[in-house]
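take a look and give me a structure for this.
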Amino acid sequence: MSQNVVDPGSVAPPAGIDLDPMSILLHASGPVRIVNWALIAAAVAVWLVAVLKLLQIGRLRSAERDFEAKAGQAHSADQLFEIARHHAEAPGARIVLALRQAASQSDLADALAKRGLVTEEQRVGALLGILSTVGSTGPFVGLFGTVWGILDAFLRIGREKSASLPVVAPAIGEALISTAVGLFAAIPAVIAYNILSKRADDLLAQLEAAADAWIAVVKRPADAASTVQTPHGPSFPPPRAPAPRDLG
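Numbering: from 1, shown residues only. This is a model prediction of the structure:
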């Protein structure tokens, strides 16, 4: 009774698939293909967000420098509000314009400044969550594709009854490419997040420090109006003339 022996060297990868990274990426199995293309989309989003946020923060920092240079010359609330109207694109100018509500009620100035700072923090920090999410989850998503590719390699070994390189190479290639794509998405995300968050924190710290001076300028008229002074000190009523004496 003869037994057919399969020559390991005669087992070839599936037809139409070359053992190069691009072909393996395009012809990967279903779950690995989904993982890879999801990671590629995440990598594109990372670069897009990084460029947009870099331009936004740079523009805000430049506008803030110009505004603070002018605001430092203001000696009254009206002058400060006028300067803020001409630099409305600066974060500090938006905070100063929010302080106009406190012109008549100085006790609201601190609360309005804090609310303005929170609003600017939300504006500067927008979209940074995408970088943080991709940077933290990208390697694990790629690891899922890696595990699936290794599992597919074992299934091929059992199906072909051979552990030759042509049998396991496509599946192992899928697994390694998933790892590479995950790192390709995560590493730029982490670097961009660290750089942009540092610049955003610096800008917010600058705003917080300058807000105290703006609050003092806004409060100045109210404090001055509450203090009554005369040019020559306190005034007294004029002395009354003595009543005429009766000489009769």
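
report the distance from the lengthiest helix in the chain to the chain centre.
Across the chain, the longest stretch assigned as helix under DSSP state H is helix 165-225. Helix 165-225 sits 5 Å away from the centroid of its parent chain (C-alpha atoms, centre = their mean, to the nearest Å).

also stretch 34-41?
Worked out by C-alpha atoms, centre = their mean, stretch 34-41 lies 23 Å from the chain centre.

okay, the closest residue in space to residue 182 that isn't next to it in sequence: pLDDT?
Nearest residue to residue 182, sequence neighbours excluded (C-beta to C-beta, 6 or more residues apart in numbering): residue 142, at 1.9 Å. Every C-beta, even on glycine, is put in place using the N, C-alpha and C of the backbone. Per-residue pLDDT puts residue 142 at 94.

contacting residues around residue 142?
35, 39, 178, 179, 180, 181, 182, 183, 185, 186 (C-beta atoms under 8 Å, 6 or more residues apart in numbering).

quick one: residues contacting the first one.
It stands for residue 35. Counting by C-beta under 8 Å, 6+ apart, residue 35 has contacts 141, 142, 144, 145, 148, 178, 181.

skip the chain neighbours and tell me the closest residue to the fifth one.
It stands for residue 148. Per C-beta to C-beta, 6+ apart, closest to residue 148 is residue 31, 5.0 Å.

shouldn't the one you found be in contact with residue 147?
No: applying C-beta atoms under 8 Å as the test, residue 31 and residue 147 come out as separate, 9.8 Å apart.

among the two, which residue is more densely surrounded?
Legend: neighbour count by other C-beta atoms under 10 Å for residue 31 and residue 147, higher for residue 31 (17 against 14).

point out where the protein drops to low pLDDT.
1-20, 102-106, 221-248 (pLDDT under 70).

let's go with 80 and repeat that
1-29, 101-107, 163, 165-167, 170, 220-248 (pLDDT under 80).

and the strands in it, which stretches?
Secondary structure of the chain (DSSP state E): no strands located.

possible to save the contacts of residue 35 as a markdown table with distance to residue 122?
Shown next, in a markdown table, are the contacts of residue 35 (distance: C-beta to C-beta, whole Å):
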| residue | distance to residue 122 |
| --- | --- |
| 141 | 28 |
| 142 | 31 |
| 144 | 33 |
| 145 | 35 |
| 148 | 39 |
| 178 | 35 |
| 181 | 32 |
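
which of those residues count as buried?
Among the contacts of residue 35, those classed as buried by 16 or more other C-beta atoms under 10 Å are 141, 142, 145, 148, 178, 181.

now do residue 38 against residue 185, distance only.
With distances taken as C-beta to C-beta, to the nearest Å, residue 38 is found 9 Å from residue 185.

neighbour count: those two, which is higher?
Neighbours of residue 38 and residue 185, each counted by other C-beta under 10 Å, are more numerous for residue 185; the result is 26 against 17.

my read is that that one contacts residue 50, right?
No: contact criterion C-beta under 8 Å: residue 185 and residue 50 do not qualify, at 12.0 Å.

spit out the residues that contact the two alike.
By C-beta under 8 Å, 6+ apart, no residue touches both residue 185 and residue 50.

got the contact list for the closest residue in space to residue 115 that isn't next to it in sequence?
Of all residues not flanking residue 115 in the chain, residue 98 sits nearest, at 7.0 Å (C-beta to C-beta, 6+ apart). Shown in contact with residue 98 (C-beta under 8 Å, 6+ apart): 112, 113, 115, 116.
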